[in-house]
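Chemist: A predicted structure for the sequence below; I have some questions about it.
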Amino acid sequence: MLATAVAADFLLDLHDLAPDAVRAALEQQAADLHPAWPLEQLLDALATAGVPRFAAAIRR
């Protein structure tokens with residue numbers, strides 16, 4: 001049986017499996033913005049966009 005995952009659960013599961021890789025990907029994403037954003041600003045945007053628990057997990 002296939003289960004659907006909501007974005008927040010998927011991101012939290014991914015973070016549980018590979019926290020260093022997820023953080024590195026987010027740091028790269030923030031750096032690639034023009035102008036570049038600090039990681040904290042990207043995490044604030046993610047929290048506002050609907051994944052506050054994911055953003056909090058990255059901050060820990």
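Modeler: Perfect, I can see it now. Numbering: from 1, shown residues only.
Chemist: Kindly export the helix or strand bottoming out on mean pLDDT in the chain (C-alpha atoms) in CSV.
Modeler: Within the chain, no helix or strand scores below helix 7-17, which has a mean of 93 by mean pLDDT, DSSP states H and E. C-alpha atoms of helix 7-17 as CSV (Å, rounded to 0.1, in the frame of the first residue of the first chain):
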residue,chain,number,x,y,z
ALA,A,7,5.4,18.2,2.6
ALA,A,8,6.2,18.7,6.3
ASP,A,9,6.3,15.0,7.1
PHE,A,10,8.4,14.3,4.0
LEU,A,11,10.9,17.0,4.9
LEU,A,12,11.1,15.9,8.5
ASP,A,13,11.7,12.3,7.5
LEU,A,14,14.4,13.3,5.1
HIS,A,15,16.0,15.4,7.8
ASP,A,16,15.9,12.4,10.2
LEU,A,17,17.6,10.2,7.5
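Chemist: I'd like the distance from it to the chain centre, please.
Modeler: How far helix 7-17 lies from its chain's middle: 9 Å, per Cα atoms, centre = their mean, to the nearest Å.
Chemist: Identify all contacting residues around that helix.
Modeler: When contacts are defined by Cβ atoms under 8 Å, 6 or more residues apart in numbering, helix 7-17 is touched by residues 5, 22, 50, 51, 53, 54, 57, 58. For every residue, glycine as well, the C-beta is placed using N, CA and C.
Chemist: quick one, what contacts residue 26?
Modeler: Counted by Cβ under 8 Å, 6+ apart, residue 26 has contacts 39, 42, 43, 58.
Chemist: Using neighbour counts, pick out the buried residues of the biggest helix by length in the chain.
Modeler: Identified as the longest helix of the chain according to DSSP state H is helix 19-32. The neighbour-count check on helix 19-32 (16 or more other Cβ atoms under 10 Å) flags 22, 26, 30 as buried.
Chemist: Having no further points to raise, I will conclude here.
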